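K.L.:
Sharing a sequence plus its predicted fold:
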Amino acid sequence: MLNVKIICVGSLKESYLREAVAEYSKRLSGFCSPEVIELKEAKIPDSPSVSQINAAIEDEGKRILVAIPPRATVVALCVEGKQLSSEQLAEYIEAASSMAGCLCFVIGGSHGLAEEVKRAAALRLSFSKLTFPHQLMRVILLEAVYRGFNIIKGTKYHK
């Protein structure tokens, strides 16, 4: 069974988001072995300078890279990434499951992902040109992965 890890910066404070993550994680467990790994956000002041933001991104990036399992297929969520349809994401998940034992999605903090993390990714993925809160992105990603597995299995979930 494919391991699907979602490495994300920051924790979910809102109970409705935690409940949604728990629900999709439960649903996914029928298709894969899901795990959400939360990393602490780097501390920055309320009005940070560009160099403070860059230092925070780099610190978070180093911790993300340590959390990625060896030989995992890495997908970095970033605004400049490639946009895929649900069917294309399903194809990617299916291909990754035959190549690796772990498919690892990475969601950065509110200031984005370090270039080092993006370079480590097999795919840079964008869900939209719109901006979403990184906490909400976790739920959107889990639903998209769940939909992808349903497309692979041919269930009625995806119409």
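P.N.:
In hand now; what should we look at?
K.L.:
Once you drop chain neighbours, what's closest to residue 52?
P.N.:
Closest residue to residue 52 in three dimensions, ignoring its sequence neighbours and counting by Cβ to Cβ, 6 or more residues apart in numbering: residue 44, at 5.2 Å. Quick note: C-beta positions are derived from backbone N, CA and C, even for glycine.
K.L.:
Show me what counts as buried in the helix of greatest length in the chain.
P.N.:
With secondary structure taken from DSSP state H, the chain has its longest helix at helix 134-153. Neighbour counts using 16 or more other Cβ atoms under 10 Å place 134-135, 137-152 of helix 134-153 among the buried residues.
K.L.:
Report the angle between the helix or strand hosting residue 90 and helix 134-153.
P.N.:
Using DSSP states H and E, the element containing residue 90 is helix 86-99. Using axes from the mean of the first three to the mean of the last three Cα atoms, to 10 degrees, the direction of helix 86-99 lies 80 degrees away from that of helix 134-153.
K.L.:
what is the rounded mean pLDDT of helix 86-99?
P.N.:
Across helix 86-99, the average pLDDT comes to 93.
K.L.:
Which neighbouring elements make contact with that helix?
P.N.:
Helices and strands touching helix 86-99, by 3 or more Cβ pairs under 8 Å, 6 or more residues apart in numbering; DSSP states H and E, are strand 73-82, strand 102-107, helix 134-153.
K.L.:
Residues touching that helix, excluding its own?
P.N.:
Residues outside helix 86-99 that contact it (Cβ atoms under 8 Å, 6 or more residues apart in numbering): 2, 32, 73, 75, 84, 103, 122-123, 125, 144-145, 147-149, 151-152, 158.
K.L.:
Dump the longest helix of the chain to PDB, keeping only the CA atoms.
P.N.:
C-alpha atoms of helix 134-153 as PDB (Å, rounded to 0.1, in the frame of the first residue of the first chain):
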ATOM      1  CA  HIS A 134      -2.000  27.300   3.800                       C
ATOM      2  CA  GLN A 135      -4.100  25.700   6.500                       C
ATOM      3  CA  LEU A 136      -7.100  25.400   4.100                       C
ATOM      4  CA  MET A 137      -4.800  24.000   1.400                       C
ATOM      5  CA  ARG A 138      -4.300  20.900   3.500                       C
ATOM      6  CA  VAL A 139      -8.000  20.100   3.200                       C
ATOM      7  CA  ILE A 140      -8.100  20.900  -0.500                       C
ATOM      8  CA  LEU A 141      -5.100  18.700  -1.100                       C
ATOM      9  CA  LEU A 142      -6.500  15.800   0.900                       C
ATOM     10  CA  GLU A 143      -9.800  16.000  -1.000                       C
ATOM     11  CA  ALA A 144      -7.900  16.100  -4.400                       C
ATOM     12  CA  VAL A 145      -5.800  13.100  -3.400                       C
ATOM     13  CA  TYR A 146      -8.900  11.200  -2.200                       C
ATOM     14  CA  ARG A 147     -10.600  12.100  -5.500                       C
ATOM     15  CA  GLY A 148      -7.500  10.900  -7.400                       C
ATOM     16  CA  PHE A 149      -7.700   7.500  -5.700                       C
ATOM     17  CA  ASN A 150     -11.400   7.200  -6.500                       C
ATOM     18  CA  ILE A 151     -10.700   7.900 -10.200                       C
ATOM     19  CA  ILE A 152      -8.000   5.200 -10.200                       C
ATOM     20  CA  LYS A 153     -10.400   2.700  -8.600                       C
END
